[in-house]
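Peer 1: Here is a sequence with its predicted model. Questions after.
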Number of protein chains: 2
Amino acid sequence: MRQILATISLLTLGFLVMAASKDAAKDPASDTAEKLRNEVLVNGHAYSDLVELVKIGGRLSGSQNAALAVEWGKHKMESYGFDNVWLQPVTVPKWERGPLEQAMAILKKHKYNLRVTALGNSVGTPAGGVRAQVIEVHGLDEVTALGDQVKGKIIFYNRPMDPSKVNTFEAYGGGSDQRFAGPARAAKFGAVAVLVRSLTLRLDDHPHTGATHYDSDGTKIPAAALSTNDAERLSALLKKEPDLTVRLELSAKQLGTVASFNVIGELTGRDKPDEYVLVGGHLDSWDLAQGAQDDGAGIVQSIEALRAIRALGLHPRRSLRTVLFMSEEMGGLGGVEYAKQAKEKGEKHLAALESDNGGFTPLGFSVQGSDSALEHLRAWGKYLVPAHADLAIKGHGETDIEPLGDLGVTLFSFVPDSQRYFDYHHAETDTIEAVNPRELQLGASAMSVLAWLLAEQGL
Amino acid sequence: MRQILATISLLTLGFLVMAASKDAAKDPASDTAEKLRNEVLVNGHAYSDLVELVKIGGRLSGSQNAALAVEWGKHKMESYGFDNVWLQPVTVPKWERGPLEQAMAILKKHKYNLRVTALGNSVGTPAGGVRAQVIEVHGLDEVTALGDQVKGKIIFYNRPMDPSKVNTFEAYGGGSDQRFAGPARAAKFGAVAVLVRSLTLRLDDHPHTGATHYDSDGTKIPAAALSTNDAERLSALLKKEPDLTVRLELSAKQLGTVASFNVIGELTGRDKPDEYVLVGGHLDSWDLAQGAQDDGAGIVQSIEALRAIRALGLHPRRSLRTVLFMSEEMGGLGGVEYAKQAKEKGEKHLAALESDNGGFTPLGFSVQGSDSALEHLRAWGKYLVPAHADLAIKGHGETDIEPLGDLGVTLFSFVPDSQRYFDYHHAETDTIEAVNPRELQLGASAMSVLAWLLAEQGL
């Protein structure tokens, strides 16, 4: 790319921006949207906040790090001059993976170490591990069909994510039942443990964790994710030596429940202080890395959205709340508690917006609510197109705000580009290096504009 | 992001794809576009080809590595069964940075090493370097205004790229005159050397090179790029001690011209074999890294676009050519030579498409040509929207195909998301790690679809 191209691209891509500017030339909201965008892109704190947050390390729900993150979030919003900042107690489960997670394929003449990590909520193995023959399957129904043959075996779920799906969340959706419900199904038919192929489109050496769900009346068997490279290897080994065994050892355990918090920061509305527009993400993360994309990005974007509004001295009609939800990865309990209290107090929430799909270049937003809400979002596209965030589609809200949706609150989800998300999701690769400052900030600027429009203009 | 979200996002983002599918339900071109997309996403070679290409190392025009890349490109297209593959001779300049590039700020009590890299085409310094006081400026006009004061000094261009520009190419365009024309301007007024702030929005330690252009009748003075962190540091030091000096030593030199090649691969058209649709990128790169994004990405996408068409057994009406242009970074000589020979031979080119803005998630394409060509591109949006590549705007072609544009050929440019491009551009960070396989392939799939549409349906 030579120097001369710069001028060219200015002429080309500039069209989008010019088209938007022209439409909204005499519209004061267009001016405000531009100022918010510039505040976030030029003076933005989203990335530097994320650099601070990830220094705490992984923020597993119920952990000491999660408690540190709560303190960090409260202090951060106070430092930005939010009108009120407080902690909302919520009881969360405490689960630890402990020091030990290892697996080995044992063949007649060789042994191979397999890279594994315990699934969230998994029980551990007995000391010394479990050792059994392995049955490779590609779905839950296959386990049911195998019936008694499953007994005493390790079930190995190895259906890959479908690379033909352009939207990687769709590919994830096509594979995630193996992790979420696969162990319970295998336990039902007498399996002694489960290995699940990691949910990523990459072939690499990083196991991806994530919650599994046992049947409340079923046996709990240990379950681990296998890196995609080792899933391929184990599958190849099984073709050569079908009666090989795997020894799996996990030290994971449940430790009851502990007290934790959602963190809430508020900018009081000038005209309707008792009507709320919520912007949020989840503060807890998995423990394998820093949770930079999932969901550190959503956390700092949600803080930045309101910081920029405050920094410009804007006082929209309705109150704005940034909510840092706790325990999304472990059952979504923070979101449930927030909605419960909102209902009890009779708080009127106009809308809730969550960012929990990564801090990548924005595409736009989805909305769960009336057709009229979607029409509003579409009409606001002219303010969002300069940040490439004018996609306006129907869709369901994210986990933390779903319980508000059940109360009839209109839900918005931030929709960024999805191509890289599952390179990092729930894996040791989800570090600050996975986040690009410009992409993160562009998304935050779009969220700030939408939050301001909702609080100022309503639905 | 919990398991349950997958279903949700399927419902939301799926809308785009469904809308497109519905429009084109009974259109055979829609079926072909989907097959091409799947071929590239599921069986794609773009990323594995790039892994091979970057193993050669930087491919500086005129270098041994560039010659190896020519061989690689020829072999690669032959291995994919292209109908004809040949080398087109082109004479290119040979420039080397040599072993030495260092700079030091010398203050009364301290010395600071500054991270620098010679600009492309720069002359070297005398042995031992040049040492002089420094004048910091923010533009070329400031140098002209300073006039005689410039004499004997080192001019330090330190105008940053503007972070408020959402399109980073626009921000680049706003800063790049300093690098391209700054040294010539400073030389005109008697400066002894030039330092230029690197053209990136990041604050980091990586100097970004790129070509500078001397006036043909002017003095040539040594010129180097400074990392953005060190540009900030030097600026701060100058405020404290304005009469500090900098010593700059560069071993760069021009070594005349050498023989090189464009690499051309062809799929013969079934109906109009003498009409051509060209798809290309540039094979040369800077020498500081692997040129993975600039423009290894464009190279492997251009090969992949035709490979997928061949793999599906498609035989479009017109002939398709993949052209790997040489020497884009050093004057665009490969593109000039290609157009010259096309004109001499009376070859009819219907259109030329270049990818030279990185292999990031696609936005779409720009077109330089008639309004009717733009209308075609817009109408084809229904085939491109599933790959998020339906942006259709007017714009100028890229460097290598510009000379064809001067002959009246309609030019298309691949337009990907621009947020990360200048993190890597012309710097030691432009390695394979800068490229995401999914993003690269999604762009290649869109290019394949557009190339096929052009060759089959015409303009």
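Peer 2: That came through fine. Numbers count the residues shown, from 1 in each chain, chains lettered A, B, ... in the order given.

Peer 1: Return the alpha-carbon coordinates of the strand ranked longest in chain A using PDB.
Peer 2: Identified as the longest strand of chain A according to DSSP state E is strand A:253-267. Written as PDB, here are the backbone C-alpha positions of strand A:253-267 (Å, rounded to 0.1, in the frame of the first residue of the first chain):
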ATOM      1  CA  LYS A 253     -14.700 -28.900  42.600                       C
ATOM      2  CA  GLN A 254     -17.700 -27.000  43.700                       C
ATOM      3  CA  LEU A 255     -17.300 -25.000  46.900                       C
ATOM      4  CA  GLY A 256     -20.900 -23.900  47.700                       C
ATOM      5  CA  THR A 257     -21.900 -20.200  47.300                       C
ATOM      6  CA  VAL A 258     -20.300 -16.900  48.300                       C
ATOM      7  CA  ALA A 259     -21.400 -13.300  48.500                       C
ATOM      8  CA  SER A 260     -20.600 -11.100  45.500                       C
ATOM      9  CA  PHE A 261     -22.000  -8.000  43.700                       C
ATOM     10  CA  ASN A 262     -23.200  -6.300  40.600                       C
ATOM     11  CA  VAL A 263     -21.700  -2.900  40.300                       C
ATOM     12  CA  ILE A 264     -24.000  -0.100  39.300                       C
ATOM     13  CA  GLY A 265     -23.200   3.500  38.300                       C
ATOM     14  CA  GLU A 266     -25.700   6.100  37.400                       C
ATOM     15  CA  LEU A 267     -26.100   9.500  35.600                       C
END
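
Peer 1: Pairing partners for that strand, with directions?
Peer 2: strand A:84-96 (antiparallel), strand A:318-325 (antiparallel) (DSSP bridges).

Peer 1: Report the mean confidence score over the helix or strand where A:Ile299 lies.
Peer 2: Here A:Ile299, judged by DSSP states H and E, is contained in helix A:297-311. Average pLDDT, helix A:297-311: 98.

Peer 1: burial measure for A:Gly57, as a count.
Peer 2: Neighbour count for A:Gly57, taken as other CB atoms under 10 Å in any protein chain shown: 17. C-betas here are computed from N, CA, C, even on glycine.

Peer 1: what's the spacing between the closest residue in space to it that isn't next to it in sequence and A:Leu119?
Peer 2: Residue nearest to A:Gly57 in three dimensions, not counting chain neighbours: A:Asn65, with 5.2 Å by CB to CB, 6 or more residues apart in numbering or on different chains. As judged by CB to CB, to the nearest Å, A:Asn65 and A:Leu119 stand 20 Å apart.

Peer 1: same question, A:Gly98
Peer 2: Distance, A:Gly98 to A:Leu119, by CB to CB: 13 Å.

Peer 1: Same drill for the two, tell me which one is more crowded.
Peer 2: Neighbours were counted for A:Gly98 and for A:Leu119 using other CB under 10 Å; A:Leu119 has more, 28 against 12.

Peer 1: check contacts around the more buried one.
Peer 2: Shown in contact with A:Leu119 (CB atoms under 8 Å, 6 or more residues apart in numbering or on different chains): A:Arg179, A:Pro183, A:Val196, A:Thr209, A:Gly210, A:Ala211, A:Thr212, A:Ala223, A:Ala224, A:Ala225.

Peer 1: Could you say which helix or strand holds A:Phe412?
Peer 2: Assigned by DSSP H and E, A:Phe412 falls in strand A:410-416.

Peer 1: Distance from that strand to the middle of the chain?
Peer 2: Distance, stretch centre to chain centre, for strand A:410-416: 13 Å (CA atoms, centre = their mean, to the nearest Å).

Peer 1: Neighbours of the closest residue to A:Gly174 other than its chain neighbours, how many?
Peer 2: Computed as CB to CB, 6+ apart, the closest residue to A:Gly174 that is not its neighbour in sequence is A:Asp162, at 5.4 Å. Look at A:Asp162: counted by other CB under 10 Å, it has 16 neighbours.

Peer 1: Am I right that A:Asp162 is in a helix?
Peer 2: No - read with DSSP: H, G, I helix; E, B strand; the rest coil, A:Asp162 is coil and lies in no helix.

Peer 1: one step back: quick one: the residue nearest to A:Gly57 from chain B, how far?
Peer 2: 19 Å (CB to the nearest CB, to the nearest Å).

Peer 1: Spell out the secondary structure type for that residue.
Peer 2: At A:Asn65 the chain is in helix, as set by three-state DSSP.

Peer 1: quick one: contacts for it?
Peer 2: Residues near A:Asn65 by CB under 8 Å, 6+ apart: A:Ile56, A:Gly57, A:Gly58, A:Arg59.

Peer 1: got it, and A:Leu333?
Peer 2: Here A:Leu333 is in contact with A:Ser61, A:Val90, A:Thr91, A:Val92, A:Pro93, A:Met326, A:Ser327 (CB under 8 Å, 6+ apart).

Peer 1: now the closest residue in space to the second one that isn't next to it in sequence: how far from chain B?
Peer 2: Spatially, and ignoring its direct neighbours in sequence, A:Val90 is nearest to A:Glu337 (4.1 Å; CB to CB, 6+ apart). Separation of A:Glu337 from chain B (CB to the nearest CB): 16 Å.

Peer 1: same question, A:Ala351
Peer 2: For A:Ala351, the distance to chain B equals 16 Å [CB to the nearest CB].

Peer 1: bridging residues for that residue?
Peer 2: Beta-bridge partners of A:Ala351, counted by DSSP bridges, are A:Val277, A:Thr410.

Peer 1: in the longest strand of chain A, what counts as buried?
Peer 2: A:Ser260, A:Phe261, A:Asn262, A:Val263, A:Ile264, A:Gly265, A:Glu266, A:Leu267 (16 or more other CB atoms under 10 Å in any protein chain shown).

Peer 1: That strand versus helix A:297-311: what angle between them?
Peer 2: Interaxial angle, strand A:253-267 versus helix A:297-311 (axes from the mean of the first three to the mean of the last three CA atoms, to 10 degrees): 20 degrees.
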